[in-house]
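Student: build me a model from this:
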Amino acid sequence: MDAPLDAPLDASDNGTLPEATPTSGMPMSRLFAFALGGTLLLLAPLLVGALLVMRGRIEAPVAEAARPFDLPALDGSRITQAVFSDRVVVVNVWASWCGPCRAEAPVLRRMAESASGVTYYGVVSLDEPRLARAFAEAEGLDYPHAIDDGTFSRAHNVAVIPTTLVFAKDGSFVGRIEGPLSEVRLQALIDDAIAAGSR
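Tutor: Sure thing, here's the model as predicted:
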């Protein structure tokens, strides 16, 4: 039978107190070791993460508008993610052979012509530049158009043509319209982007 914790020292035990055991029968020293080990296991990922951040191996999340691309434009210039800086931006991904793209082109032309404080860009996907150029000219889409080699579509998860993306002035992604757009739907996203930039 175990002695109580307040039992007097016994000369035969070399001055040590008898070890107390909890009701489970496990010595206190083993319980402490298990508790310490469990705590260290829980803290290990946090400590590793903190070390990696301090060494610069984990970068802060990048705003979607800042995801890099560098593409040729239909007019011979180049368009990069830098054009999204500090402005509300509408990007329409399209192709000249795409029926819904043709249907929404007049809406985009009207909205781009009447836009105040909003910049429009086109991204031509899976199309021949000469056909895309002829289509943009015929439809009066006078804003810049990049020719996508897949970089833009991958960076912004574009899987459907047409897709229209809207970004706020701070680079945050506001929303997308997959498939043909309407003026009402696009204007609602633009209003959200303007509101986000004014906070």
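Student: so who does residue 176 touch?
Tutor: Neighbouring residues of residue 176 by CB atoms under 8 Å, 6 or more residues apart in numbering: 163-166. Yep, even glycine has a C-beta here, placed from its N, CA and C like the rest.
Student: I'd like those residues as JSON lines, with distance to residue 144, secondary structure and pLDDT appended.
Tutor: Shown next, in JSON lines, are the contacts of residue 176 (distance: CB to CB, whole Å; DSSP: H, G, I helix; E, B strand; the rest coil; pLDDT from 0 to 100):
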{"residue": "163", "distance to residue 144": "17", "secondary structure": "strand", "pLDDT": "98"}
{"residue": "164", "distance to residue 144": "15", "secondary structure": "strand", "pLDDT": "98"}
{"residue": "165", "distance to residue 144": "15", "secondary structure": "strand", "pLDDT": "96"}
{"residue": "166", "distance to residue 144": "17", "secondary structure": "strand", "pLDDT": "96"}
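Student: the chain: strands as residue ranges?
Tutor: 70-72, 78-80, 88-94, 118-124, 145-147, 163-167, 173-178 (DSSP state E).
Student: out of those, which comes closest to residue 188?
Tutor: Among the strands of the chain, strand 173-178 comes nearest to residue 188, with 8.5 Å by CB to CB.
Student: buried stuff in that closest one?
Tutor: For strand 173-178, a neighbour-count test (16 or more other CB atoms under 10 Å) marks 173-174, 176-177 as buried.
Student: rewinding a little: just put the strands of the chain in a markdown table and tack on distance to residue 111.
Tutor: Output for the strands of the chain, formatted as a markdown table (distance: least, CB to CB, whole Å):
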| stretch | distance to residue 111 |
| --- | --- |
| strand 70-72 | 23 |
| strand 78-80 | 20 |
| strand 88-94 | 8 |
| strand 118-124 | 8 |
| strand 145-147 | 16 |
| strand 163-167 | 10 |
| strand 173-178 | 12 |
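Student: which one of those lies closest to residue 64?
Tutor: Ranking those by distance to residue 64, with CB to CB as the measure, places strand 173-178 first at 3.9 Å.
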